[in-house]
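**Q** have a look; sequence and predicted model below, questions after that.
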Amino acid sequence: MPKGVTAVSESGIKSAADIERFIGLGYHAFLIGERFMATDDPGAALRDLLNMVVSTTKDTKDTKVRP
């Protein structure tokens, strides 16, 4: 990946573990849709997912998780 290009994972993300795996592979952005459309409260599902990722990656200096 050329320097200055943001790697985006576009598919197959269903859990915090998926995001952690992709972060480890150098991805910095994630398109997540189906996981949220399959729930009654997509906002709560996003909040829960972000909280799980933040709690498991907080010791990683270069990781910035934001919606």
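**A** Done, it's in. Numbers count the residues shown, from 1 in each chain.
**Q** what's the burial count for I19?
**A** I19 sits with 23 neighbouring residues when counted by other Cβ atoms under 10 Å. (Glycine included, C-beta is placed from N, CA and C.)
**Q** I'd assumed G12 was in contact with it.
**A** No - applying Cβ atoms under 8 Å, one finds I19 not in contact with G12, separated by 10.9 Å.
**Q** residues contacting V8?
**A** Contact partners of V8, counting by Cβ atoms under 8 Å, 6 or more residues apart in numbering, are 27-31.
**Q** taking these, tell me the two that lie furthest apart.
**A** Greatest spatial distance among the contacts of V8 (Cβ to Cβ): H28 and L31, at 12.2 Å.
**Q** so for the two, which residue has more residues nearby?
**A** Taking neighbours as other Cβ under 10 Å, H28 and L31 compare with H28 leading, 15 against 9.
**Q** what's the pLDDT at D40?
**A** On pLDDT, D40 comes in at 93.
**Q** same deal with G24?
**A** 88.
**Q** okay, now it: neighbour count?
**A** 11.
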